[in-house]
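Asker: Can you look at this prediction? I've put the sequence above it.
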Amino acid sequence: MSLHPTMDPPRPDPMCFGCGLPPGLGVNLLVPSVAEAVRFQTVVLGAIAAHVEDQFAVMRCETALWLPHGDHAYRHHPFSAAVHGLEARGGGVELRRYGQDPDTAEARAREHGAPVLAPSEDKPHGLRQAYLLEPAGYVWVPYRPI
């Protein structure tokens with residue numbers, strides 16, 4: 001199955017979806033609430049929820065693909081001990097949303113009640129960017145060229 005962004009969203013059949021993933025980098029984000037992660041990522045970041053279930057979702061933005069997974073999806077996984085009682089997530093990781101207007105994302109984050117770690121600002125490296133905190137604790141950085 002092709003995961004090209006102009007194609008149909010992935011089917012819910014896990015075998016079909018997994019076998020259809022192209023080579024490259026994959027990102028799974030462990031979250032306490034898939035619904036809350038999907039809401040933030042669609043409303044604030046402009047991502048598309050291609051598939052949503054209680055335990056995971058398939059998110060798209062341009063050609064990027066990532067999967068928020070609920071902590072409960074890992075209850076029988078080797079990571080279960082590491083996830084249980086986790087206070088901070090994504091330490092040292094910035095998830096960047098290329099080509100998104102940071103001012104719009106910042107306004108949406110504020111409307112959504114999400115913390116703005118750093119407001120939109122022009123940076124010396126030629127980008128305008130903001131730092132937004134998702135309820136699960138991940139830092140998202142929408143940016144565009146100045």
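Answerer: Yep, it's here.

Asker: quick one: low-confidence ranges for the chain?
Answerer: 1-15, 18, 74-89, 91-92 (pLDDT under 70).

Asker: Leaving out sequence neighbours, find the closest residue to the residue positioned nearest the centre of it.
Answerer: Centroid-nearest residue in the chain: Gln41, 5.7 Å away (criterion: Cα atoms, centre = their mean). Nearest residue to Gln41 in three dimensions, chain neighbours excluded: Ala47, at 4.4 Å (Cβ to Cβ, 6 or more residues apart in numbering). Every C-beta, even on glycine, is put in place using the N, C-alpha and C of the backbone.

Asker: The one you found touches Cys61, doesn't it?
Answerer: Yes - counting by Cβ atoms under 8 Å, Cys61 is a contact partner of Ala47 at 4.5 Å.

Asker: which helices and strands sit right next to the one helix or strand Trp66 maps to?
Answerer: Assigned by DSSP states H and E, Trp66 falls within strand 64-70. Secondary-structure packing of strand 64-70 (3 or more Cβ pairs under 8 Å, 6 or more residues apart in numbering; DSSP states H and E): strand 28-31, helix 34-43, strand 57-61.
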